[in-house]
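Asker: please work out how this folds:
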Amino acid sequence: MNVWKLTGPKKLVHTEEPLPEHEEGKIRVRVTKVLVNSLDADLFDGTAACKYPLIPGRYAVGVIAEDGAGTYLPRGTRVLLHTFRPIAPGGTEKRDFSAPEYEICGRTRDGFLTDFVNVSPQELTALPPSVSDERALLLHHVAIAKAVCDGLGSKKGQHIAVVGANLVGILVCQLLIYQQAAPILVDTVQHHLDFAKKCGVYYTVLADNKAVENVASVTGGRLADGAVYISSAIGNAPELPFRLAARNSNVVIYGQPAGGLKVRLDQAVRKHLTIFCVENGYGYLETAINLMANRAVDISPYQANVVKAAKAAALLADYPSRADRGSDIVNFLDLM
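Answerer: Predicted structure coming up:
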């Protein structure tokens, strides 16, 4: 079978390897498509650290390759492979409370850029016919967006400032609209905001020195009833959501950048803000599938760029220049 491994910065090596051996209680899945985004490109060029060798590919869909393993899902069933997996307790070993609680496929453990993987029934979810492969590959992002919205606890009619107009930021806005709230999307890049309007986001504000004033003009001078900071949307100041949020409101911070996140809390303390943090969407995938199937989010404005897996290295090397062209392209690797 085909396997692609990162053996060092900018070294993605293709190898032919035997099929994985059968494992008790595991299901063999034929990987069909993998999503590529900025973190994958950072892992490729060495900007984000990882232990080599590593099979990349964090988000993937596939089909069950054979019956058995105690699963009710027959051969040929389309499935979403789970990216985040809880780390099992260490038994009698002393627990390190600073250690991560999740393994991340394609980052802290081998990912899905390979023809076949063995996974347990708890590490995949069957996909309904109404959710295409391309839409399914964004389900982890929808799950994250739902976790963010739950942290906000927003109510009908409330204005929510969302700082960061990337894919997750736009999905958060779409779910807030679905919940009948009124998001205000804020970003440093005007063409990101222009694209967000094509995705149904009505209120957009440029993250400049008039951002607070412009948000206040939308909210009637009250500022936002809550705010979100999307750390994966590069270029936005992490203190900005504290400036945009009204006193005693909730602020959700999403993400954990490879280089860490430093945030001044002066404004948050002064305004008595409550801060929630979201690292991933674990536990929200079933909800995300329902939201996607019910068209609570709309990804139709995005342009799909589908590339054969054999050209993965070229795509990853070229990714920064692709990202500069805007936030409206979603990149997929086709393994079939």
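Asker: the residue lying closest to residue 58 once chain neighbours are set aside and residue 309: what is the separation?
Answerer: Counting by C-beta to C-beta, 6 or more residues apart in numbering, residue 58 lies nearest to residue 106, which is 3.5 Å off, once chain neighbours are set aside. (C-beta placed from N, C-alpha, C; glycine too.) Using C-beta to C-beta, to the nearest Å, one obtains 14 Å as the distance from residue 106 to residue 309.
Asker: next one: residue 145
Answerer: Distance from residue 145 to residue 309, counting by C-beta to C-beta: 28 Å.
Asker: counting neighbours, go ahead and name the busier of those two.
Answerer: When residue 145 and residue 309 are compared on other C-beta atoms under 10 Å, the one with more neighbours turns out to be residue 145, at 32 against 22.
Asker: so who does that one touch?
Answerer: For residue 145, the set of contacting residues under the criterion of C-beta atoms under 8 Å, 6 or more residues apart in numbering consists of 168, 171-172, 174-175, 281, 297.
Asker: looking at these, which is nearest residue 214?
Answerer: Within the contacts of residue 145, proximity to residue 214 (C-beta to C-beta) peaks at residue 172, which comes in at 19.2 Å.
Asker: and the average pLDDT for the helix or strand containing the closest one is what?
Answerer: Following DSSP states H and E, the helix or strand that holds residue 172 is helix 167-178. In this model, helix 167-178 has an average pLDDT of 97.
Asker: just checking, next helix/strand downstream of it?
Answerer: Using DSSP H and E, the helix or strand that directly follows helix 167-178 along the chain is strand 182-187.
Asker: could I have the following helix or strand past that next one exported to PDB, CA atoms only?
Answerer: Next along the chain after strand 182-187, taking DSSP H and E as the criterion, comes helix 190-198. Written as PDB, here are the backbone C-alpha positions of helix 190-198 (Å, rounded to 0.1, in the frame of the first residue of the first chain):
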ATOM      1  CA  GLN A 190     -10.800  43.000   3.900                       C
ATOM      2  CA  HIS A 191     -11.100  40.300   1.200                       C
ATOM      3  CA  HIS A 192     -11.600  37.700   3.900                       C
ATOM      4  CA  LEU A 193     -14.500  39.700   5.100                       C
ATOM      5  CA  ASP A 194     -15.800  40.200   1.600                       C
ATOM      6  CA  PHE A 195     -15.800  36.400   1.100                       C
ATOM      7  CA  ALA A 196     -17.600  35.900   4.500                       C
ATOM      8  CA  LYS A 197     -20.500  38.000   3.100                       C
ATOM      9  CA  LYS A 198     -20.800  35.500   0.300                       C
END
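Asker: now do helix 190-198 against helix 167-178, angle only.
Answerer: 40 degrees (axes from the mean of the first three to the mean of the last three C-alpha atoms, to 10 degrees).
Asker: next SSE downstream of helix 190-198?
Answerer: Scanning the chain past helix 190-198 towards its C-terminal end, the next helix or strand to appear is strand 203-206 (assignment: DSSP H and E).
Asker: residues of that following strand that come out buried?
Answerer: Within strand 203-206, the residues that qualify as buried by neighbour count (16 or more other C-beta atoms under 10 Å) are 203-205.
Asker: cool, and stretch 140-154?
Answerer: 140-149, 151-152, 154.
Asker: check stretch 72-82 too.
Answerer: Within stretch 72-82, the residues that qualify as buried by neighbour count (16+ other C-beta under 10 Å) are 73, 77-82.
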